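Q: What follows is a predicted structure for the sequence shown.
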Amino acid sequence: MSGYGEPKTCGKCCESGFGTPLEAMKGEREKLIYIPAVQMEKNAKPDYLATIDVDPDSPTYSQVIHRLHMALPGDELHHLGWNACSSCRGQVGRPTHGYLVAPGVLSGDIHIIDVKSDPKAPALHKTIGAKDLLDKAGVALPHTTHCAPDEIIMSFMGSGTAKDGFKPEGAGFVSFDPKTFEIKQRWEGQDSKTRFGYDFWYQPRHNVMVSSEWGDPDCFTKGFNPAHVGEGRYGSKLYVWDWSDRTVKQELDVGAGSIPLEVCFLHNPDKAEGYTGCALSSEMVRFTKTSDGKWESKTVIKVEPIEVTGWALPHMPGLITDFVISMDDRFLYLSNWLHGDVRQYDITEDEPKLVGQFFVGGSMKQNGPVKRADGGEQPEALVVKGVEIQGGAQMVQLSLDGKRLYVSTSLFSSWDKQFYPDMGKYGAQLIQLDVDTETPGCIWLPKTSKIY
């Protein structure tokens, strides 16, 4: 999901932007958010981009005020990105922060959405077709979009098509023109390949990019089979890239079958430190630069599995599927999609400290089929405005000032159907939680909270 506020003048070319992460925290409160809505039945209706009014002073506060439907069904919209960086300040000729990039994981199409002309009613600007991507760059299954100087970089998780089958070969990165959105070239050097693909993040001051891997798309697009983990068909590595020459310099093993997904550096560009969330092992791994210029990783957070009955396996992992770091690098918020909770950690010291927790659904709700074998407490179902939340905490997005945490509950359609079958009947939700940044541990559902 992405947020939008009033444009902030910062020079001759750029209509939004901040000089530093701490300056961003003082920016205007978000007034709109954009979130993809995925149709679980792929032959039914197209996915759409929902525009939600989150301005408390607006007469349409908490309402979906616009829906932009894609042209065809079957996209599986997932991660949204921007065409330009918000740190662009007064750089003549740079594109403005006015287009969302919305990849369809399964269709392979990439939709460029104009949110500048009318932020309350986005319009489709252009679609980069899957066939062009496959023909020109040999890629499919687009995932993460990041802006960079003079280009947009996107990660891809393999090649092939939904009709003929997907395969991991081809996983990598493609560079796009940020003004025309034309395909430029493969981003990485010819000799640098990764086994699988997923997320990435870069830190130019340290000449580094780090990427992660989900697994074999022939597996994860169909749901989760634990046997595939033992067969080595899910990820276990981080790839450390030389940002300048675009080659892999190191591989960091974070554990067999751990499935490292989201990657994020600290916001302070001088810090050579970042994190990845390992889904299946339910660990947060920190990676840092050593004195000799190499990189190393260390598990700093571990969410222990819970012994259960009435579930597919005897032990239920938390399944960390997303996390976000506050702009001042004080707090890290992670989501446990199966356990259902959001956790807040203080990361200002070497050892992160759990300071807050809030349950957003999950697989162990009271009065459900799953029971804790140890007899431990199980959370009540979260009901907002008479609607029971389906799924568990999944995608998380924090407001710039760190005071509002937006949490959605859908992961990926085939996984949603497998782990939360009622989601197909009742749909997924997005909720807003409030965070007290002065008193760590205070996360709550405001009385005025709505669901989307």
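A: Noted; the coordinates are in hand. Numbering: from 1, shown residues only.

Q: starting at the chain centroid, how far to the biggest strand by length in the chain?
A: Among the segments of the chain that qualify as a strand by DSSP state E, the longest is strand 151-161. Its chain's C-alpha centre lies 15 Å from the corresponding centre of strand 151-161 when counted by Cα atoms, centre = their mean, to the nearest Å.

Q: what does stretch 350-363 give?
A: Averaging C-alpha coordinates over stretch 350-363 and over its chain gives two centres that are 18 Å apart (Cα atoms, centre = their mean).

Q: export the longest strand of the chain as PDB, just CAs?
A: Only the C-alpha atoms of strand 151-161 are listed here, as PDB (Å, rounded to 0.1, in the frame of the first residue of the first chain):
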ATOM      1  CA  GLU A 151      15.900   4.400 -13.700                       C
ATOM      2  CA  ILE A 152      13.300   2.300 -12.100                       C
ATOM      3  CA  ILE A 153      14.500  -1.100 -11.000                       C
ATOM      4  CA  MET A 154      12.200  -4.100 -10.600                       C
ATOM      5  CA  SER A 155      12.800  -7.600  -9.300                       C
ATOM      6  CA  PHE A 156      11.400 -10.700 -11.100                       C
ATOM      7  CA  MET A 157      10.900 -14.100  -9.600                       C
ATOM      8  CA  GLY A 158      11.400 -16.200 -12.800                       C
ATOM      9  CA  SER A 159      10.200 -16.700 -16.300                       C
ATOM     10  CA  GLY A 160       7.400 -18.400 -18.200                       C
ATOM     11  CA  THR A 161       3.600 -17.800 -18.100                       C
END
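
Q: Would you map the strands across the stretch 251-400 of the chain?
A: Along the stretch 251-400 of the chain, the segments classed as strands by DSSP state E, counting those that start in this stretch run 260-265, 273-278, 283-289, 295-302, 306-309, 315-316, 320-325, 331-336, 341-346, 353-359, 371-372, 383-384, 387-388, 396-398.

Q: what's the second one packed up against?
A: I take that to be strand 273-278. Using 3 or more Cβ pairs under 8 Å, 6 or more residues apart in numbering; DSSP states H and E as the contact criterion, the secondary-structure elements in contact with strand 273-278 are strand 260-265, strand 283-289, strand 320-325. C-beta: built from backbone N, CA, C; applies to glycine.

Q: What pairs with the longest one, parallel or antiparallel?
A: Read it as strand 283-289. Strand pairing for strand 283-289, determined by DSSP bridges: strand 273-278 (antiparallel), strand 295-302 (antiparallel).

Q: quick one, it and strand 260-265 angle?
A: Relative orientation of strand 283-289 and strand 260-265, computed by axes from the mean of the first three to the mean of the last three Cα atoms, to 10 degrees: 40 degrees.

Q: List the contacts of strand 283-289.
A: The set of residues that contact strand 283-289 without belonging to it, under Cβ atoms under 8 Å, 6 or more residues apart in numbering, is 206, 208, 210, 238, 240, 252, 254-255, 258, 260, 272-278, 295-303, 320, 323, 332, 334, 345, 352.

Q: the inter-axis angle of that strand versus strand 341-346?
A: Regarding strand 283-289 and strand 341-346, their directions subtend 30 degrees when assessed with the same axes, to 10 degrees.

Q: Check which residues of strand 283-289 are buried.
A: The neighbour-count criterion (16 or more other Cβ atoms under 10 Å) identifies E283, M284, V285, R286, F287, K289 as the buried residues of strand 283-289.

Q: still on that earlier bit, filter the contacts of strand 283-289 down to the buried ones.
A: When these are checked against 16+ other Cβ under 10 Å, the ones flagged as buried are 206, 208, 210, 238, 240, 252, 254-255, 258, 260, 272-278, 295, 297, 300-301, 303, 320, 323, 332, 334, 345, 352.

Q: residue ranges with poor pLDDT in this structure?
A: By pLDDT under 70, the weakly predicted segments of the chain are 3-17, 42, 86-96, 447-452.

Q: got the residue ranges for the helices in it?
A: 21-24, 130-137, 217-220, 227-230, 413-419, 423-426 (DSSP state H).

Q: Export these to TSV and append columns for distance to F156.
A: As requested, those are arranged in TSV below (distance: least, Cβ to Cβ, whole Å):
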stretch	distance to F156
helix 21-24	28
helix 130-137	8
helix 217-220	10
helix 227-230	20
helix 413-419	19
helix 423-426	27
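
Q: I'm done for today, thanks for sticking with me.
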